[in-house]
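Asks: using only what follows, build the 3D model:
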Amino acid sequence: MRALVQRAAEARVRVDGQVIGEIGPGLCCLVGVTHGDDRDAAVKLAAKLWNLRILADENGHMNRSVADTSGELLVVSQFTLYGDTRKGRRPSFIAAAAPDEANELIDELVAELRRLGATVATGSFGANMAVELTNDGPVTLMLEV
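Replies: Residues are numbered from 1 along each chain as shown. All right, here's what the predicted structure looks like:
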């Protein structure tokens, strides 16, 4: 699994103009699933997101995690994170997992984050989504488990 993680002052996702998921301060996580990913990968990524120390402490240093704060997470499935652009001008998405498999693992990730105690908002798997983000910092990291 791969995640593009952005520290957010706020973030939301809209489908057909309607807000379906929204967070205040926390992490906006665009998550891709590839072949061979399994429940263990979802659990590892959840732990990494929960404990990742990229939120600001009282001195403005990246020293706090969502677990340490009242931060929230917005999790949005993003198969294009596995786009391969090494050849030609059109990306290949052959490395992205099949939709049914990816949807199941995104659900596992969200369930594990909630089990850890996180407040999680989500997008709508397979929908045409508009993601809005106020990137705090800006801070953006790529995680892979």
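
Asks: just the helices in this structure please.
Replies: With helices called from DSSP state H, the chain shows them at 39-51, 99-116.

Asks: ok, which of these comes nearest residue 18?
Replies: helix 99-116 (19.7 Å; Cβ to Cβ). The C-beta positions use only the backbone N, C-alpha and C, and glycine is treated the same way.

Asks: report the distance from that closest one to the chain centre.
Replies: 11 Å (Cα atoms, centre = their mean, to the nearest Å).

Asks: so what does that helix touch, helix or strand wise?
Replies: If contacts are counted by 3 or more Cβ pairs under 8 Å, 6 or more residues apart in numbering; DSSP states H and E, helix 99-116 sits against strand 26-32, helix 39-51, strand 72-77, strand 119-122.

Asks: for that helix, give me every contacting residue.
Replies: 1, 31-33, 37-39, 41-43, 45-47, 49-50, 67, 73, 75, 77, 79, 96-97, 120, 122, 125-126 (Cβ atoms under 8 Å, 6 or more residues apart in numbering).

Asks: which among the residues you listed end up buried?
Replies: Neighbour counting over the contacts of helix 99-116 (16 or more other Cβ atoms under 10 Å) leaves 1, 31-33, 37, 41-43, 45-46, 49-50, 67, 73, 75, 77, 79, 96-97, 120, 122, 125 as the buried ones.
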